[in-house]
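Trainee: model this:
(5 chains)
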Amino acid sequence: MDRTRLYRNGVLVKESFPIDDVSECVGEPGTVVWFDICAPTEQDLTKIGEELGLHELAVEDALHDRQRPKLDSYDSHLFITAYAAELVEQKIDLIELSIFVTKNALVTVRENADFDIDAVVRRWDASPEMARYGVPYLLHGLLDHIVDGYFEVLQPLDDQIEALEDELFNGLPDDLRPRHRQTFELRKNLVRFRRLAMPMREVVGSLLRRGGEVLDPAMIPYYQDVHDHTLRAAEWTDSLRELLGNIREAHENQQGFKLNQIMKKVTSWAAIIALPTLITGFYGQNVPYPGSGEPIGFWSSTVLIVAGSLMLYHMFKKRDWL
Amino acid sequence: MDRTRLYRNGVLVKESFPIDDVSECVGEPGTVVWFDICAPTEQDLTKIGEELGLHELAVEDALHDRQRPKLDSYDSHLFITAYAAELVEQKIDLIELSIFVTKNALVTVRENADFDIDAVVRRWDASPEMARYGVPYLLHGLLDHIVDGYFEVLQPLDDQIEALEDELFNGLPDDLRPRHRQTFELRKNLVRFRRLAMPMREVVGSLLRRGGEVLDPAMIPYYQDVHDHTLRAAEWTDSLRELLGNIREAHENQQGFKLNQIMKKVTSWAAIIALPTLITGFYGQNVPYPGSGEPIGFWSSTVLIVAGSLMLYHMFKKRDWL
Amino acid sequence: MDRTRLYRNGVLVKESFPIDDVSECVGEPGTVVWFDICAPTEQDLTKIGEELGLHELAVEDALHDRQRPKLDSYDSHLFITAYAAELVEQKIDLIELSIFVTKNALVTVRENADFDIDAVVRRWDASPEMARYGVPYLLHGLLDHIVDGYFEVLQPLDDQIEALEDELFNGLPDDLRPRHRQTFELRKNLVRFRRLAMPMREVVGSLLRRGGEVLDPAMIPYYQDVHDHTLRAAEWTDSLRELLGNIREAHENQQGFKLNQIMKKVTSWAAIIALPTLITGFYGQNVPYPGSGEPIGFWSSTVLIVAGSLMLYHMFKKRDWL
Amino acid sequence: MDRTRLYRNGVLVKESFPIDDVSECVGEPGTVVWFDICAPTEQDLTKIGEELGLHELAVEDALHDRQRPKLDSYDSHLFITAYAAELVEQKIDLIELSIFVTKNALVTVRENADFDIDAVVRRWDASPEMARYGVPYLLHGLLDHIVDGYFEVLQPLDDQIEALEDELFNGLPDDLRPRHRQTFELRKNLVRFRRLAMPMREVVGSLLRRGGEVLDPAMIPYYQDVHDHTLRAAEWTDSLRELLGNIREAHENQQGFKLNQIMKKVTSWAAIIALPTLITGFYGQNVPYPGSGEPIGFWSSTVLIVAGSLMLYHMFKKRDWL
Amino acid sequence: MDRTRLYRNGVLVKESFPIDDVSECVGEPGTVVWFDICAPTEQDLTKIGEELGLHELAVEDALHDRQRPKLDSYDSHLFITAYAAELVEQKIDLIELSIFVTKNALVTVRENADFDIDAVVRRWDASPEMARYGVPYLLHGLLDHIVDGYFEVLQPLDDQIEALEDELFNGLPDDLRPRHRQTFELRKNLVRFRRLAMPMREVVGSLLRRGGEVLDPAMIPYYQDVHDHTLRAAEWTDSLRELLGNIREAHENQQGFKLNQIMKKVTSWAAIIALPTLITGFYGQNVPYPGSGEPIGFWSSTVLIVAGSLMLYHMFKKRDWL
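Mentor: Below you'll find the predicted structure:
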């Protein structure tokens, strides 16, 4: 089943027809066509590009991934590269989407099946009355879905960071490596997300700037809304980054404090052990010290050892070194 | 009792009437209406939205929280999201307010009862003669109250930071964790505050920029004043952040110094204990050293131990290692 | 004695007359009035505000301190908040000045007597021929004095930083706390100064931008000159901050190096003490080792102890560990 | 064989003719000439400069290297300095190219043979139909090749960083120096690349801005495409830099953790050794302790030593200190 | 011999005449005058200022140093403050130059003889044919010389940094202080250079911006060239700063690694020494252990000590702890 749709005068008249039938309907006045291509070959795209009059550079870009979010405007159409985000096993997965926007056709090209195009269709169907605004309505639904996805990715990161914060003051675990790794992965995720999702601000922003000429004024608030969302996602990302920095600093402080504490403990025990060693050393001298070779010597040595050690132990305990 | 007000030709004529009566008065020339809705249901808002001709996107935004401060302008009205700030148990609490601004109505939507709307009313009543400027006068009173609240939140943070600074050079406490935690919480507060309250600058700034067309010139200085306050709050926040960074650096320096000092102390005591151990070792040898097996041996050993330890103790004391 | 002045057609005609006489002369063509109010009550200011037609918001701002440097322009006058700086006991003291600028009157409001208004008067008297430019001439003298004061504050800070730099490579003192404190206070001073004095750039800059309409062209270079000075003060402040950062890094490096050195020293001494302990342990065994119970044993033990310790001492000395 | 080309009316008519023949064809209408000069002498360039009417400053710049990427526009021609990048033995090599762009001639000047000019020629030959756009077509092919080279340099750096990341949590190797060195070299490469390749954004950007007047509209998307690539390279570079920072922080955390662990291990072993020392000290006293001089003494001492040491060993093992 | 020059219609007609003769020739049409004043008194400058009609503020600025690079434009002339840079004993020396630019006169004021004005004269003489462009030609020669001097200062700094980098991985020297000091001085130099030389970008940039009205179009590329050089110097400075940061991080990593290594070594030796101490302790017990009081005891003790120590030594050696 192909993912295609044909609207005529704002009404959905045909759905899921073969892509090859597209050429018939494209270009009819009052007609708006959408079709979606998943993991296309070069031939597929070239053929469609010719039918819709797409620029060869745009078609080429749609074939190569590792682009950046961008909006290229050609004579007869726009070309948008966008990234949808998804959290898979604590890692942000970024899925590239190439979008061709002509006067009466929207073509979405996905590199693989990871992106949930059904959700976009559901979003369109939720407000069928707006279909009369044609391609901008379809494009809005698509972008809105993508950008909303950013929040679903940021929320769990925010939660993880909050969990890290809560843990932070519950004492330092013995094995710090899991915490280090988590912080590392979080920041890496944020860096990647920032790089591939954040230029979406510019994309939606420049759609909006040139919107005055092309868009029906009634659509503008909707694009404004998507734009607000991209701004919010960007600010949230920056904020998470700062919170991560805050965690890092607090963690460093704690590690420094822990080192101090370990040193105090080690020192205390060293002192507690050094004392009896000193005393037995004294009683091991081959000189006639008081009590040498006599039971009183043994008892005095033992008392000195036990009493001295206990005294030191209590002294350190009181100073909170142990 | 509902929070409503009706002004006619700049005079307050009715107050606290039921919200349902609003529809009657909205739209009469010379009439200005304010009403406040606390924790509304979707139905409540939709109904009001229809009566006042509010855009569905704005109504939807008012229902969801976790927006960012923003100013959306629609054909017939403005929509503002603002955050009031409050310090609750050392934590900055940010309360979202949605504000609809039409030609002759101001609607405030609060997510809960935390925001003190009475204070805004008192502020309005303090300068009733300005009521003739209509909605801009009401909006100004509201924004002014919100932004003034920022200073009431920043002042205690500033005081806490100053207290931290004063403590800083009174020596390092044994348990550094409370200080670490306080620094951590302060910075976290500043990050959150920055993210949710600072974009208010843009909101008031863009109200001001488009003010020329809409506002009575006499109102402009008042908005300028609010704008100055948002700038001041922003600069203050940045300043606090830097002071916090300064504290952190000084604290790190101190911790490093303390570590050095502990090491010196430990080393000194180790040396003081090592000496008698060495001497008793010498006197414990099974060889005929001078005084072995004789009282003179015991006395010389004891004298060496006591004198040597005291000498070391004084030496280290003098060098300030102990 | 009140601080007042009356110029008529560019000539100083009256001085130190009571403020209450102001109302008579304000408004006469060709007349320029200055008067200075120190720590005014609300009533004082309200009265003057009414006489000169000052905006109530400006009057209110003049009563509250903790403003930021700013330039508000009202219909009939400008309102400037500026900060003069002074170094009192190594701490930058910032004194707020509120300035009202009407067509033919300059009013300066000081929160207390800390600001040396006499110096401004002397500056005016140094170039009486320029008095024909009226209020802009007076304002220039005032701002010039304030901004020149910034350099008198920055120079001692610069000197302190240079002194810190010179000290830096004269070895690390035993007690680092005074140095830490000094660095801390210096940075804190810079942060405060930056926050309250630096927006003066904008104030003078925007005076200059709108100057074309109001100022006599002959006054423009003078304002340009003040503007240059604010820029220089800002760049100097940033530069000092960076030098402080540089000092901090060098200091950290040194502390790390010192720690390494202490560790080497401690280790060396530990080794030097461990050797005799080992030897006496050997000679303390209850087994017939060569020389046990015989003088030769004592001598060999003693020789081993002394020779071994000296050898180790020289070895560590040579490697620069001691 | 000289690297020269002559196009007439968009068709390649002559290739590899001697540079000296250039003067004949330059200036004929409908003619486009390219020639490439490798490591020219001052005379070579001066001669060509005179023939093509190049500005003396541009000619001088082409002779000196250590320029920065820039676009200078002179009356009759443009002068571009660009840097191609290559990865040679893990080090980014930056090769300077000077480019003169006149109405109907493109001159490329290379400082040495490192830059692969053949690849540019192949790129031109891949789309001969575009040759009708003349010099902009040639220039685009050249710039496109240079900028594509940036990705071939960034990809291995990205791979190295990813490899570093994977290694990071496989435990800390004993010798950290190779890792330190790699991080150091990576960052140094990024700094150099940033400095010499990144201003290419401005160069292509300003070509594009002034493109409207000069370029055939059909060429604009192609230049836009190159511009997008420079942006992507810049963002990628910044991203790599941040990932490197992330690695550095994680590495520091690990080093701190390792230090803590070593200290724990050392402390544990010290305690395990201290115990038998204490016990033998006790049994070495010259006092009649229980079992002194009797086999039971030997056995009890031995049992205490072995049992105590084992107990400590297990205790530390359980707490994960060993 | 005074430094003066008189050009008439683009030809140098008189040189090194007394400054007092200047008044005769200034103002003749077709005449361009240059003169240079070194360490002038206030009177000197005031006199010249009056003759050339210079603004009193500019004259005053020329008398005080500690200005910043700036371009002030007065009615009849420009006033430029510029800084030449020189490397004296590893320290950047910044020499202030005040430049007055009138329609047909260039006045250079040097605070002392450090600036090599002869080099500027040589530069002018290298292209006498351009003298017809008058004052802009002279000014260009001067600025070009100053900015070229920046590279002569940055190159040695770059070399020093490269030398530091090469040293970095040749092992850590025992005494790190020279390295710390060098890094410190380098960064300090960069901070000073940045502050006093970098605003030259703005100076040349704004000369260029207002150039369209004043400059002969043929001079514009020359000023553009100087501007490019200031940009390059700025980028180079930033780049050096980053490389210094990179060195610092690598150095810190190394110091941390070194500390780890020292700790391992110390620990290893401590263990090697602890073992024989333990053994002799055992053989020093006053209990009938196997071999007590018999030669076999001595031999077994000795064997245990030697074998155990060697075993530990090899074990640590193998693990690369020693």
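Trainee: anything in the helix or strand hosting A:Trp299 near chain D?
Mentor: Element membership for A:Trp299, per DSSP states H and E: helix A:295-318. Yes: Helix A:295-318 comes into contact with chain D (CB under 8 Å from any CB of the partner chain), by way of A:Pro295, A:Gly297, A:Phe298, A:Ser301, A:Thr302, A:Ile305. Placement of C-beta: from N, CA and C, glycine included.
Trainee: and the pLDDT for the residue nearest to A:Arg110 when sequence neighbours are not counted?
Mentor: Distances taken as CB to CB, 6 or more residues apart in numbering or on different chains place A:Cys38 nearest to A:Arg110, at 4.9 Å, with adjacent residues excluded. On the pLDDT scale, A:Cys38 is placed at 89.
Trainee: so who does A:Cys38 touch?
Mentor: By CB atoms under 8 Å, 6 or more residues apart in numbering or on different chains, the residues touching A:Cys38 are A:Arg3, A:Val109, A:Arg110, A:Asn112, A:Ala113.
Trainee: buried ones among those residues?
Mentor: By neighbour count, with 16 or more other CB atoms under 10 Å in any protein chain shown, the contacts of A:Cys38 hold A:Arg3, A:Val109, A:Arg110 as buried.
Trainee: out of those, list just those in strands.
Mentor: When these are checked against strands (DSSP state E), the matches are A:Val109, A:Arg110.
Trainee: the host helix or strand of A:Arg179 and chain D in contact?
Mentor: Assigned by DSSP H and E, A:Arg179 belongs to helix A:177-197. Yes: counting by CB under 8 Å from any CB, contacts between helix A:177-197 and chain D involve A:Arg177, A:His180, A:Arg181, A:Thr183, A:Phe184, A:Arg187, A:Lys188, A:Val191, A:Arg192, A:Arg194, A:Arg195.
Trainee: need the contact list for the closest residue to A:Arg241 other than its chain neighbours.
Mentor: Take A:Arg241 and drop its neighbours on the chain: the residue closest to it by CB to CB, 6+ apart is A:Leu190, 5.4 Å away. Contact partners of A:Leu190, counting by CB under 8 Å, 6+ apart, are A:Leu157, A:Thr237, A:Leu240, A:Arg241, A:Leu244.
Trainee: one more pass at 7 Å, please.
Mentor: A:Thr237, A:Leu240, A:Arg241 (CB atoms under 7 Å, 6 or more residues apart in numbering or on different chains).
Trainee: count the residues that sit near the closest residue to the first one other than its chain neighbours.
Mentor: Across the structure, with CB to CB, 6+ apart as the measure, the residue nearest A:Thr237 apart from its sequence neighbours is A:Arg194 (5.6 Å). Other residues lying near A:Arg194 total 20 when counted by other CB atoms under 10 Å in any protein chain shown.
Trainee: I'd like the contacts of A:Leu190 as JSON lines, with distance to A:Leu71, neighbour count and pLDDT appended.
Mentor: Shown next, in JSON lines, are those (distance: CB to CB, whole Å; neighbours: other CB atoms under 10 Å in any protein chain shown; pLDDT from 0 to 100):
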{"residue": "A:Thr237", "distance to A:Leu71": "21", "neighbour count": "21", "pLDDT": "92"}
{"residue": "A:Leu240", "distance to A:Leu71": "26", "neighbour count": "23", "pLDDT": "93"}
{"residue": "A:Arg241", "distance to A:Leu71": "26", "neighbour count": "18", "pLDDT": "92"}
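Trainee: longest helix in chain A, please.
Mentor: Looking across chain A with DSSP state H, the single longest helix is helix A:220-283.
Trainee: that one vs helix E:220-283, what angle?
Mentor: Put simply, helix A:220-283 runs at 30 degrees to helix E:220-283, going by axes from the mean of the first three to the mean of the last three CA atoms, to 10 degrees.
Trainee: just how off-centre is helix A:220-283 within its chain?
Mentor: Relative to its parent chain, helix A:220-283 has a centroid offset of 22 Å by CA atoms, centre = their mean, to the nearest Å.
Trainee: in what helix or strand does A:Val147 lie?
Mentor: Here A:Val147 is assigned to helix A:135-168, by DSSP H and E.
Trainee: now do that helix and helix A:177-197, the angle between them.
Mentor: For helix A:135-168 against helix A:177-197, the angle by the same axes, to 10 degrees is 160 degrees.
Trainee: helix A:135-168: how far from the chain's middle?
Mentor: Chain-centre distance of helix A:135-168: 9 Å, with CA atoms, centre = their mean.
Trainee: contacts (any at all) between chain D and that helix?
Mentor: No: Helix A:135-168 lies out of reach of chain D by CB under 7 Å from any CB of the partner chain, never closer than 13.3 Å.
Trainee: can you tell me the average pLDDT over that helix?
Mentor: 92.
Trainee: ok, and for that helix, which residues are buried?
Mentor: A:135-147, A:149-150, A:153-154, A:157, A:160-161, A:164-165, A:168.
Trainee: cool, and stretch A:67-87?
Mentor: Buried residues in stretch A:67-87 (16+ other CB under 10 Å): A:67-74, A:77-85, A:87.
Trainee: tally of neighbours for A:Glu28?
Mentor: Neighbour count of A:Glu28, defined by other CB under 10 Å: 12.
Trainee: helix, strand, or coil at it?
Mentor: coil (DSSP: H, G, I helix; E, B strand; the rest coil).
Trainee: what about it, distance to chain E?
Mentor: Computed as CB to the nearest CB, to the nearest Å, the A:Glu28 to chain E distance reads 54 Å.
Trainee: what about that residue, distance to chain B?
Mentor: Per CB to the nearest CB, A:Glu28 is found 31 Å from chain B.
Trainee: for that residue, phi and psi?
Mentor: Note on A:Glu28: its backbone torsions stand at phi -60, psi 140 [degrees, to the nearest 10].
Trainee: ok, back up a step: for the residue nearest to A:Arg110, phi and psi?
Mentor: Taking degrees, to the nearest 10, you get phi -110, psi 130 for the backbone angles of A:Cys38.
Trainee: distance of whichever residue of the stretch 201-322 of chain A sits closest to chain E from B:Ile220?
Mentor: The nearest approach of the stretch 201-322 of chain A to chain E comes at A:Gly284, 7.0 Å away (CB to the nearest CB). Per CB to CB, to the nearest Å, A:Gly284 is found 94 Å from B:Ile220.
Trainee: so for those two, which residue has more residues nearby?
Mentor: A:Gly284 (28 against 16).
Trainee: follow-up on the earlier one: show me how far the helix holding A:Trp299 is from its chain's centre.
Mentor: 59 Å.
Trainee: got the buried residues for that helix?
Mentor: A:Gly297, A:Phe298, A:Ser300, A:Ser301, A:Thr302, A:Leu304, A:Ile305, A:Ser309, A:Leu312, A:Phe316.
Trainee: likewise stretch A:198-210?
Mentor: In stretch A:198-210, counting by 16+ other CB under 10 Å, buried: A:Met198, A:Pro199, A:Met200, A:Arg201, A:Val203, A:Val204, A:Gly205, A:Leu207.
Trainee: between those, which is closest to chain B?
Mentor: Closest approach to chain B among the buried residues of stretch A:198-210 (CB to the nearest CB): A:Arg201, at 12.9 Å.
Trainee: residues contacting that closest one?
Mentor: Residues counted as contacts of A:Arg201 (CB under 7 Å, 6+ apart) are A:Thr230, A:Leu231, A:Ala234.
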